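> Quick one, fold the following:
(one chain, ligands or ions: 2)
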Amino acid sequence: MATSPYSEELRIAIEAVVEASKICRHIQSTEDFAELSKNDKSPVTVADFGSQAIVCKAIQEAFPGDPIIAEEDSAALRLPDQISVLERVVKEVKKLQPAASKEDVLSWIDQGVSRDPAPRTWTLDPIDGTKGFLRKEQYAIALALLIDGQVQVAALACPNLDTAESDDVGFVFSAVRGEGAFVASLSSPNDRRSIQTSDCTSAKEARFCESVESGHSDHSWSSEIAKQLGISRDSVRLDSQAKYAVVARGEAEIYLRLPTKPGYVEKIWDHAAGCLVIEEAGGTVTDVHGYPLDFSKGALLSENQGVIATNGTLHEEVAAAVKNGTA
Ligand SMILES: Nc1ncnc2c1ncn2[C@@H]1O[C@H](COP(=O)(O)O)[C@@H](OP(=O)(O)O)[C@H]1O
Ligand SMILES: [Mg+2]
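Ligands and ions are numbered 1, 2, ... in the order given. Coordinates of the predicted model:
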């Protein structure tokens with residue numbers, strides 16, 4: 001078998017999100033999040049910064065010169081009145097990187113400030129679903145490599161995700177384009193097994209998932225669509241790209257993300273990793289108009305609106321229902 005051209009990228013990416021999960025899990029267990037509010041009023045915590053520092057350091061060291069489009073930057077941490085938050089971030093990072101100084105941590109975080117499209121670029125959401133993280137529910141650490149605007153490598157850690165199949169909690173999903181999708185327990189990340197989307201062909205039997213936050217996806221629109229498709233069971237609501245993971249491993253068939261307000265533009269770090277994991281597991285991802293997600297425009301999915309992700313076989317039917325459904 002030919003060796004994967006991205007085996008090193010995959011190895012480093014999985015290792016980085018697994019390491020970042022350790023910080024996130026520890027901070028979540030303390031319940032002391034040192035939460036700040038960003039300009040868009042969304043929350044950010046010590047764990048978001050710590051996770052971004054750890055992942056960006058790993059990528060920068062392994063692939064110097066690769067730009068990273070990540071969600072956070074260090075500006076808030078550099079403010080004199082936030083020194084205690086910075087000290088806490090440094091303390092957490094030092095558990096994994098004992099020699100790290102304040103300046104190291106700030107500069108690792110700022111490795112993620114690229115915003116322009118580049119032929120080869122990484123995208124990172126250090127904590128996707130920060131609101132879920134604060135509720136002690138689902139969140140993800142999502143890392144992907146884009147080559148010429150196409151997602152080629154994905155690593156997606158879901159530290160609070162469980163499964164019907166075992167007592168395990170916490171998984172890392174991964175994929176390289178053309179090579180399938182895999183899952184491993186966070187406790188033994190090298191023990192990867194292949195995953196596939198479900199083979200369900202009857203829309204009315206489908207299980208569908210959506211955001212917990214009604215501000216992120218229109219719940220009344222999705223229930224209209226479910227009705228049209230003949231789905232009687234309630235949606236499963238969970239935060240973060242864990243939704244992509246659940247569809248990828250065949251535990252749900254549909255993930256709908258239906259725009260709540262016309263001006264909102266989705267960010268690439270909220271979708272790149274999950275999108276490749278589903279596609280490589282046999283599923284399909286488009287926006288609400290049926291167009292593929294276009295990751296070639298920098299940080300924003302500026303050509304798309306919302307997301308429809310399915311097991312593949314149901315995609316056309318679901319996309320048609322979304323088109324016909326009323327917003
Ligand atoms: N109006 C909106 N519509 C869609 N997504 C939004 C939104 N406002 C914020 N988001 C994004 O929704 C993400 C969480 O998605 P979900 O609802 O699936 O958990 C947030 O990621 P962060 O938590 O990383 O900030 C944020 O980027
Ligand atoms: Mg996010």
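
> interface residues of the stretch 1-150 of the chain facing ligand 1?
Residues of the stretch 1-150 of the chain lying close to ligand 1 by CB under 6 Å from any ligand atom are Ser42, Glu71, Asp125, Ile127, Asp128, Gly129, Thr130, Gly132. To be clear about C-beta, it is placed using only N, CA and C from the backbone, and glycine gets the same treatment.

> Show me which residues of the host helix or strand of the fourth one are buried.
If I follow you right, that is Ile127. Applying DSSP states H and E as the criterion places Ile127 in strand 120-128. Of the residues in strand 120-128, those scored as buried under the neighbour-count criterion (16 or more other CB atoms under 10 Å) are Thr121, Trp122, Thr123, Leu124, Asp125, Pro126, Ile127, Asp128.

> same deal with stretch 103-111?
If you call a residue buried by 16+ other CB under 10 Å, then stretch 103-111 has these buried ones: Asp104, Val105, Leu106, Trp108, Ile109, Asp110, Gln111.

> quick one: the longest strand along the chain to strand 120-128, angle?
For the chain, the strand with the greatest residue count under DSSP state E is strand 150-162. In terms of direction (axes from the mean of the first three to the mean of the last three CA atoms, to 10 degrees), strand 150-162 departs from strand 120-128 by 20 degrees.

> Show me what strand 150-162 packs onto, helices and strands only.
Secondary-structure packing of strand 150-162 (3 or more CB pairs under 8 Å, 6 or more residues apart in numbering; DSSP states H and E): helix 7-30, strand 140-147, strand 169-176, helix 242-248, helix 272-280.

> Partner strands of the next helix or strand along the chain from the longest one, with direction?
Going back to what we said before, that points to helix 7-30. Following the chain from helix 7-30 toward its C-terminal end, the next helix or strand by DSSP H and E is strand 36-37. According to DSSP bridges, strand 36-37 forms sheet pairs with strand 43-44 (antiparallel).

> so does the helix or strand just after the strand it pairs with get close to ligand 2?
Secondary structure here is assigned by DSSP H and E; on that basis, the next helix or strand after strand 43-44 toward the C-terminus is helix 46-62. No - using CB under 5 Å from the ion, helix 46-62 never reaches ligand 2; the gap is at least 9.3 Å.

> buried residues in helix 46-62?
Within helix 46-62, the residues that qualify as buried by neighbour count (16+ other CB under 10 Å) are 46-60.

> Likewise for stretch 204-217?
Neighbour-count burial for stretch 204-217, with 16+ other CB under 10 Å as criterion, is recorded at Ala206, Arg207, Phe208, Cys209, Glu210, Ser211, Val212, His216, Ser217.

> so what's the third one closest to, chain neighbours aside?
Closest residue in space to Phe208, ignoring its immediate chain neighbours: Ile254 at 3.8 Å, by CB to CB, 6 or more residues apart in numbering.

> For the one you found, list the residues it contacts.
Ala206, Arg207, Phe208, Cys209, Val247, Ile308, Ala309, Thr310, Asn311, Leu314, Val318 (CB atoms under 8 Å, 6 or more residues apart in numbering).

> Narrow these to those in helices?
Val247, Val318 (DSSP state H).

> which two from the contacts of Ile254 end up farthest apart in space?
Greatest spatial distance in the contacts of Ile254: Arg207 and Ile308, 14.8 Å, computed using CB to CB.

> count of neighbours near Ile83?
As a burial measure, Ile83 scores 12 neighbours (other CB atoms under 10 Å).

> Please read the previous query as pertaining to Glu87.
By other CB under 10 Å, 14 other residues sit near Glu87.

> So it, which state does it fall into?
For Glu87, the assignment made with DSSP: H, G, I helix; E, B strand; the rest coil gives helix.

> so what's it closest to, chain neighbours aside?
Of all residues not flanking Glu87 in the chain, Lys102 sits nearest, at 7.8 Å (CB to CB, 6+ apart).

> For Ile68, see how far away the one you found is.
Here the criterion is CB to CB, to the nearest Å. By it, Lys102 lies 20 Å from Ile68.

> Gly129: what's it in contact with?
Shown here is Gly129, whose contacts under the criterion CB under 8 Å, 6+ apart are Glu137, Gln138, Tyr139, Ala140, Asp239, Ser240, Gln241, Ala242.

> Contact partners for the fourth one?
Right, the one you point to is Ala140. For Ala140, the residues meeting the contact criterion (CB under 8 Å, 6+ apart) are 125, 127-129, 156-158, 240-242, 245, 273-274.

> How about the last one?
Residues in contact with Ala242 (CB under 8 Å, 6+ apart) are Gly129, Gln138, Tyr139, Ala140, Cys158, Asn160, Leu161.
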